[in-house]
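Colleague: Compute the structure for the input listed below.
(chains A and B)
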Amino acid sequence: DQQVKQNSPSLSVQEGRISILNCDYTNSMFDYFLWYKKYPAEGPTFLISISSIKDKNEDGRFTVFLNKSAKHLSLHIVPSQPGDSAVYFCAASGLTGGFKTIFGAGTRLFVKA
Amino acid sequence: GAVVSQHPSWVICKSGTSVKIECRSLDFQATTMFWYRQFPKQSLMLMATSNEGSKATYEQGVEKDKFLINHASLTLSTLTVTSAHPEDSSFYICSAKGQTMEKLFFGSGTQLSVL
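Modeller: Residues are numbered from 1 along each chain as shown, chains lettered A, B, ... in the order given. Next up is the predicted model:
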């Protein structure tokens, strides 16, 4: 049972345009959501997070939106740069499961120059 | 941000041998560490959760006798792949969090190749 779903395995965007990566979750007990970026043969690096008490968090070019009623979050990257090309993992954690962090399957982003 | 060091970054071993991977939190006390494996083009798969000073909790389908986890101190956890076989070849990643942290910090990963 996938509690965190990233339904798009890949996304291709032109440099300078907006990249929108989507994530859905099923467990309403999740109260903290994170996005990680991963390059091949490296460990994931933390990108941005959002608490369930907020609906938006912005950090430079990265903005995460949370829609609790729809159990949906999205990561917006604007403007997209070629160096943003990587796999992006959505993750969720909460009291349920002892704060274990559950990851989505990832979305591979290609930013074309 | 906090730093997690994972060593070695890659290892090649013969079938039947054991391999130990270390995960260290360099600037914080990691009360909980997690071990994942990732097959090519697939997501991170949680293998086990280890809390300092207690036995690791393994996910369903992960053999605890094959993947030995030790979290003896607040800054070090080790994963030992015992009697490795070619099907154990994978990318192994650790992550750590402190008691008051909500974020996970990841090691750089270990690429294991079993010949």
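
Colleague: What about A:Val87, how many residues nearby?
Modeller: 21 (other C-beta atoms under 10 Å in any protein chain shown). For every residue, glycine as well, the C-beta is placed using N, CA and C.

Colleague: And it, how far from B:Lys41?
Modeller: 9 Å (C-beta to C-beta, to the nearest Å).

Colleague: Likewise for B:Pro86?
Modeller: Separation of B:Pro86 from B:Lys41 (C-beta to C-beta) stands at 19 Å.

Colleague: Equivalent analysis for A:Asn7, please.
Modeller: In terms of C-beta to C-beta, A:Asn7 sits 16 Å off from B:Lys41.

Colleague: swap in A:Asn22?
Modeller: 19 Å.

Colleague: In terms of packing, which of those two has more residues around it?
Modeller: Higher neighbour count among A:Asn22 and B:Lys41: A:Asn22, with 17 against 11, using other C-beta under 10 Å.

Colleague: who's in contact with the nearest residue to that one once chain neighbours are set aside?
Modeller: In this structure, A:Asn22 finds its nearest non-sequential neighbour in A:Ser74, 5.0 Å apart by C-beta to C-beta, 6 or more residues apart in numbering or on different chains. Applying C-beta atoms under 8 Å, 6 or more residues apart in numbering or on different chains, we find A:Ser74 in contact with A:20-23, A:64-65.

Colleague: Nearest to A:Ser93 among those residues?
Modeller: A:Ser93 has its nearest neighbour among the contacts of A:Ser74 in A:Cys23, at 13.3 Å by C-beta to C-beta.

Colleague: So which elements touch the helix or strand the closest one falls within?
Modeller: Element membership of A:Cys23 [criterion: DSSP states H and E] is strand A:19-25. Helices and strands touching strand A:19-25, by 3 or more C-beta pairs under 8 Å, 6 or more residues apart in numbering or on different chains; DSSP states H and E, are strand A:4-5, strand A:10-14, strand A:30-38, strand A:72-77, strand A:86-94, strand A:107-112.

Colleague: Now these in a markdown table, please, with extra columns for distance to B:Val11 and mean pLDDT.
Modeller: Listed next are these as a markdown table, based on distance: least, C-beta to C-beta, whole Å; pLDDT from 0 to 100:
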| stretch | distance to B:Val11 | mean pLDDT |
| --- | --- | --- |
| strand A:4-5 | 30 | 92 |
| strand A:10-14 | 30 | 97 |
| strand A:30-38 | 20 | 91 |
| strand A:72-77 | 33 | 98 |
| strand A:86-94 | 23 | 91 |
| strand A:107-112 | 26 | 96 |
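
Colleague: Are the helix or strand where A:Asn57 lies and chain B in contact anywhere?
Modeller: Taking DSSP H and E as the definition, one finds A:Asn57 inside strand A:56-59. No: for strand A:56-59 and chain B, the contact criterion (C-beta under 8 Å from any C-beta of the partner chain) is not met; the two come no nearer than 12.7 Å.

Colleague: Only the buried residues of the following helix or strand past that strand, if you could.
Modeller: Later in the chain than strand A:56-59, the nearest helix or strand by DSSP H and E is strand A:62-67. Of all the residues in strand A:62-67, those buried under the rule 16 or more other C-beta atoms under 10 Å in any protein chain shown are A:62-66.

Colleague: May I have the strands that pair with strand A:62-67, each with its orientation?
Modeller: strand A:56-59 (antiparallel), strand A:72-77 (antiparallel) (DSSP bridges).

Colleague: which of these sits most buried?
Modeller: Ranked by mean neighbour count, those are led by strand A:72-77 with a mean of 20 (mean count of other C-beta atoms under 10 Å in any protein chain shown).
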